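Colleague: Need the 3D shape of this:
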Amino acid sequence: MDSKKISGGGTTQSAHERPTLKTIAFMTGLGITTVSRALKDAPDIGAETKERVRMVARQLGYQPNRAGVRLRTGKTNVIALVLSIDEEIMGFTSQMVFGISEVLAGTQYHLVITPHSHSKDPLVPVRYILDTGSADGVIISRTEPDDPRVELMHERGMPFATHGRTNMGISHPFHDFDNEAFAREAVRALVAKGRRRIALLQPPGKLTYYLHTQLGFQTGLRECHAQEVPLRASTDTTLAEIKDTVEELMRSSHAPDGFVCSSSAGAIAVNAGLEAAGFRLGHDIDMVAKQSTDVLSWIRPEIITIFEDFRHAGRELGKAVIARIDGVEPELLQSISPPVWPKS
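Modeller: From the prediction side, this is the model:
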């Protein structure tokens, strides 16, 4: 058994115990109050002392005791990201988390992911956070036009930011992608290739960005005198079902000659259905799809891709929720990213 001890001031601490401010104070020869203020970047502590304290803290693997912080300040130093476990598999989750983490890295806040399934009550994870006081701020995705989570957090005074907008008359921080512009420009790109009968793999009808996508798609069809071919699937449909639905549609007498896809994973399933029906992208048919990484372009370079930067979205949401915690008005914490076309 490891019997090494760190002793000082009449106390001992086993080497495998969690390091504390007292441990850092002993290792640096400083007082506990000085160590605490150095870690908080207090202006009256010298830069050399701060760096020495931080170096020892890093070497020891020191982490603040959140329970103690909460008792002293009433804060948890936690930002909760409520994220659906069913989110799109090609880049959404990891890129969003990376972006938020980049922002939080320079603060006292830590990111905690609270998973849930979109097929279950979306209020459950948010209500848990509110009832337990387990976070100082919350970020949610899959935003609905009349979102009960937004209403609940607004009523309870919880600082939050949403990935997507609402239409419920509550001003709140958000970051969104311009899905209206994406769908409109996607139709134009297909018509420029001579495609006139276009199908849309759309978002789920209950989400706000479904409305934006539909508006842009219908505007593009009207402006370009193109025709919609209905597709009985959405980005929430399983990939196998999307593939089968597209194959059936392509074997029918009213097959489209172009597709607009609102997700990368959905685009792969659509392509599988096209190939199963004997069609080739870039020859018999064309497709425009959103992507958040280069993977889709690597797999099928024939797909016309438009970039949605989820990492940037994560950074914007992280900054927004921290600013809201600090009391910045929500109207100043709202942003929309434009579609990014590939460099020619």
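Colleague: Now do the contacts for Leu60.
Modeller: Applying Cβ atoms under 8 Å, 6 or more residues apart in numbering, we find Leu60 in contact with Pro19, Thr23, Ile24, Met27. (C-beta placed from N, C-alpha, C; glycine too.)
Colleague: could you redo the last one with a cut-off of 6 Å?
Modeller: Pro19 (Cβ atoms under 6 Å, 6 or more residues apart in numbering).
Colleague: how far away is it from Pro19?
Modeller: Separation of Leu60 from Pro19 (Cβ to Cβ, to the nearest Å) stands at 4 Å.
Colleague: which secondary structure element contains the residue most central in space within the chain?
Modeller: Centroid check for the chain by Cα atoms, centre = their mean gives Met96 as the closest residue, at 3.5 Å. Element membership for Met96, per DSSP states H and E: helix 92-104.
Colleague: residue boundaries of the strands in the stretch 1-150 of the chain?
Modeller: Remark: strands assigned in the stretch 1-150 of the chain by DSSP state E, counting those that start in this stretch are 5-8, 11-14, 78-84, 110-116, 137-140.
Colleague: what does the fourth one rub up against?
Modeller: Here strand 110-116 makes contact (Cβ under 6 Å, 6+ apart) with Val78, Ile79, Ala80, Leu81, Val82, Leu83, Ile85, Ile100, Ser101, Leu104, Pro125.
Colleague: ditto for stretch 35-48
Modeller: Taking Cβ under 6 Å, 6+ apart as the rule, stretch 35-48 contacts Leu21, Ile24, Ala25, Thr49, Lys50, Val53.
Colleague: So among the residues you listed, which ones count as buried?
Modeller: Buried members of the contacts of stretch 35-48, counted by 16 or more other Cβ atoms under 10 Å: Leu21, Ile24, Ala25, Lys50, Val53.
Colleague: Give me the spatial nearest neighbour of the last one, chain neighbours excluded.
Modeller: Using Cβ to Cβ, 6 or more residues apart in numbering and skipping the chain neighbours, the partner closest in space to Val53 is Ala38 (4.0 Å).
Colleague: now swap in the second one and tell me
Modeller: In space, and not counting its chain neighbours, Ile24 is closest to Val35: 4.9 Å by Cβ to Cβ, 6+ apart.
Colleague: How much space separates that neighbour from Ala42?
Modeller: For Val35, the distance to Ala42 (Cβ to Cβ) stands at 11 Å.
Colleague: okay, those two: which has more neighbours?
Modeller: Neighbour tally, Val35 and Ala42, criterion other Cβ atoms under 10 Å: the higher count belongs to Val35, 26 against 12.
Colleague: where along the stretch 151-300 of the chain do the helices fall?
Modeller: Secondary structure of the stretch 151-300 of the chain (DSSP state H, counting those that start in this stretch): helices at 179-192, 208-224, 239-250, 264-276, 295-299.
Colleague: closest to Gly327 out of the ones you listed?
Modeller: Closest approach to Gly327 among the helices of the stretch 151-300 of the chain (Cβ to Cβ): helix 208-224, 26.4 Å.
Colleague: So what's the gap between the closest one and the chain middle?
Modeller: Counting by Cα atoms, centre = their mean, to the nearest Å, helix 208-224 is centred 23 Å from the centre of its parent chain.
Colleague: Could you tell me which residues make contact with Tyr337?
Modeller: Not Tyr; residue 337 is Ser. Contacts for Ser337 (Cβ under 6 Å, 6+ apart) come out as Phe177.
Colleague: at 10 Å instead, please
Modeller: Counting by Cβ atoms under 10 Å, 6 or more residues apart in numbering, Ser337 makes contact with His175, Asp176, Phe177, Asp178, Ala181, Phe307, Glu308, Asp309, Phe310, His312, Ala313, Glu316.
Colleague: What strand or helix carries the last one?
Modeller: By that I understand Glu316. Here Glu316 is assigned to helix 310-325, by DSSP H and E.
Colleague: elements contacting that helix?
Modeller: Based on contacts counted as 3 or more Cβ pairs under 10 Å, 6 or more residues apart in numbering; DSSP states H and E, the elements that helix 310-325 packs against are strand 78-84, helix 92-104, strand 137-140, strand 160-163, strand 174-177, strand 334-337.
Colleague: got TSV for the ones you listed, with mean pLDDT and distance to Ser119 too?
Modeller: Formatted as TSV, the helices and strands packed on helix 310-325 follow (pLDDT from 0 to 100; distance: least, Cβ to Cβ, whole Å):
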stretch	mean pLDDT	distance to Ser119
strand 78-84	92	9
helix 92-104	90	17
strand 137-140	97	16
strand 160-163	98	19
strand 174-177	98	23
strand 334-337	98	28
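Colleague: can I get those in TSV with distance to Gly220?
Modeller: Shown next, in TSV, are those (distance: least, Cβ to Cβ, whole Å):
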stretch	distance to Gly220
strand 78-84	28
helix 92-104	24
strand 137-140	29
strand 160-163	24
strand 174-177	17
strand 334-337	18
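Colleague: what's the closest of these to Pro203?
Modeller: Between the helices and strands packed on helix 310-325, strand 174-177 lies closest to Pro203; by Cβ to Cβ that is 11.0 Å.
Colleague: what comes into contact with the closest one?
Modeller: Strand 174-177 has contacts (Cβ under 10 Å, 6+ apart) with 99, 139-140, 143, 150, 160-166, 208-209, 212-213, 290, 292, 306-310, 312-320, 330, 333-339.
Colleague: Give me the buried subset of these.
Modeller: Buried, going by 16+ other Cβ under 10 Å: 99, 139-140, 143, 150, 160-166, 208-209, 212-213, 290, 292, 306-310, 312-320, 330, 333-334, 337, 339, out of the contacts of strand 174-177.
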